[in-house]
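here is a sequence with its predicted model. Questions after.
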Amino acid sequence: MIPYGRQAINQTDIDAVVEVLKSDYLTQGPKVPAFERAVCNYTGVEYAVAVSNATAALHIACLALGVGPNDCVWTSPITFLASANCALYCGATVDFVDVDPATGNMSPNSLAEKLAYAKQQGCLPKVIIPVHLAGHSCDMQRIAELAYAYGVKVIEDASHGIGGSYGGSKLGCCRYSDITVFSFHPVKIITTAEGGMATTKDAALAEKMALLRAHGVVRDKALLTRPDEGDWYYEQQLLGFNYRMTELQAALGCSQMQRLDEFVKCRNQLAERYQQQLHALPLAIVSPLNDSYSARHLYIVRLPSEKRKAVFDNMRQLDIQVHVHYFPVHLQPYYQSLGFKIGDYPNAEQFYSEILTLPLFPGLKDDNIDFICNNLSALLSDN
């Protein structure tokens, strides 16, 4: 089986984890801050808060920006569920912005229309969460300009995007957003097994997110309401969560960061080989914006919708683990129970009906790509 994605672990990664296992700290030690510093140094952002997974990062990012009951958060319908669920965890409501039919990313034109109408109705969102599908950056300059004009905060869901850039700046630098979120799941660009991170330029937001990830507990005497209680004393000052990253995860993350550029370069080289093999086939390749460098988490193509399922099934029978990213969130049964329905976001629904994710990861070989493309070509000819 050729998987659609797979982690790349070497002996250096293993040694880094073993070193922590032999140390005094398995959690709440020096490795998590070291991993946060590594991400800050790489992206050029001031603050980073490591957490147990990217869903947790999205949740505390929303909370740090004040999302709560009576608020609304807008995101893309073409994404993993967490991009929308994070708002519901805060007691807010969710709405969606239709996508660009070529990229699957949030459409600035659709966003502009929706914001103008929402202002007329007195129901602007608190936060917008654009999603960098496949590691391809959204048009963040236009999105940020619109958000600023309407007084809306922005969280970039860059779960697919670490190692990529937009407009000459690394994703995660928060040039066009208040907070950026990364994922370190095994199929992502780098991995900590599970894990996530939120980056920001705002010290207050970073402090709030750090508090939220650890039960809302404060130990700094300068911040305590009872500073003379004793050295054992700590205070819970808000309702937080146990969203901490372990030292084992952070050690793996620190090791993987050393090869991040290598991973992204390899992914882009593999994508170029796909491009060379697929350019003459009756399909469209979902490509990044011109003024960007994609982390290439996924390689997505668009097929005639009437052929997609047959191609998918046949590729799977050939032990090629193609996938589909993603079924539109608003058509999930839970979201339909909230009132969303077929036809609400036609571009997203059409995009979903056509897309197919081909395998892409650093361990993929040229002959694997040749095998994938030859079979895809045959299937498109036959169907």
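That came through, no problem.

quick one: the strands in the stretch 251-383 of the chain, in order.
Ranges of strands in the stretch 251-383 of the chain, per DSSP state E, counting those that start in this stretch, are 284-285, 292-293, 299-302, 355-358.

out of those, which gets nearest to residue 46?
Of all those, it is strand 292-293 that lies closest to residue 46, at 22.2 Å by CB to CB. Just so you know, the C-beta spots here come from the backbone N, C-alpha and C atoms, and that holds for glycine as well.

let me see the backbone angles for residue 38.
Backbone torsions of residue 38, given as degrees, to the nearest 10, read phi -60, psi -40.

contact partners for it?
253, 254, 257 (CB atoms under 8 Å, 6 or more residues apart in numbering).

tell me the secondary structure of the residue nearest to the second one when sequence neighbours are not counted, please.
Spatially, and ignoring its direct neighbours in sequence, residue 254 is nearest to residue 35 (5.0 Å; CB to CB, 6 or more residues apart in numbering). The three-state assignment at residue 35 reads helix, by DSSP: H, G, I helix; E, B strand; the rest coil.

need the strands of the stretch 251-383 of the chain in a markdown table (columns: mean neighbour count and mean pLDDT).
Formatted as a markdown table, those follow (neighbours: other CB atoms under 10 Å; pLDDT from 0 to 100):
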| stretch | mean neighbour count | mean pLDDT |
| --- | --- | --- |
| strand 284-285 | 16 | 98 |
| strand 292-293 | 22 | 98 |
| strand 299-302 | 22 | 98 |
| strand 355-358 | 23 | 98 |
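
nearest to residue 179, out of these?
Here strand 292-293 is closest among those (CB to CB), at 19.7 Å.

center of the chain, which residue is that?
For the chain, the residue nearest the mean C-alpha position is residue 159 (1.7 Å; CA atoms, centre = their mean).

helix or strand: which one has that residue?
Taking DSSP states H and E as the definition, residue 159 sits outside all helices and strands.

got a list of what the residue lying closest to it once chain neighbours are set aside touches?
Excluding its sequence neighbours, the residue lying closest to residue 159 (CB to CB, 6+ apart) is residue 183, at 3.6 Å. Residue 183 is in contact with 53, 54, 57, 159, 160, 195, 196, counting by CB under 8 Å, 6+ apart.

and if you look at residue 321?
The contact partners of residue 321, taken as CB under 8 Å, 6+ apart, are 1, 2, 3, 4, 359.

give me the pLDDT for the last one.
If you check residue 359, the pLDDT there is 98.

cool, and the first one?
At residue 1, the pLDDT value in this model is 94.

so it is in contact with residue 319, correct?
Yes - contact criterion CB atoms under 8 Å: residue 1 and residue 319 qualify, at 4.5 Å.

residue 251 versus residue 55, what's the distance?
Distance, residue 55 to residue 251, by CB to CB, to the nearest Å: 22 Å.

neighbour count for those two, which is higher?
Comparing residue 55 with residue 251 by other CB atoms under 10 Å, the one with more neighbours is residue 251, at 26 against 21.

what distance do you get for that one to residue 20?
Counting by CB to CB - residue 251 and residue 20 are separated by 4 Å.

overlap in contacts of these two?
In contact with both residue 251 and residue 20: residue 31, using CB under 8 Å, 6+ apart.

beta partners of the residue nearest to residue 159?
residue 196 (DSSP bridges).

look at it and report its pLDDT.
On the pLDDT scale, residue 183 is placed at 98.

again with residue 382
Residue 382 carries a pLDDT value of 68.

got it, and residue 97?
For residue 97, the model assigns a pLDDT of 98.

please apply the same query to residue 140.
For residue 140, the model assigns a pLDDT of 98.

out of the strands of the stretch 251-383 of the chain, nearest to residue 31?
Closest to residue 31 of the strands of the stretch 251-383 of the chain, according to CB to CB: strand 292-293, at 28.6 Å.
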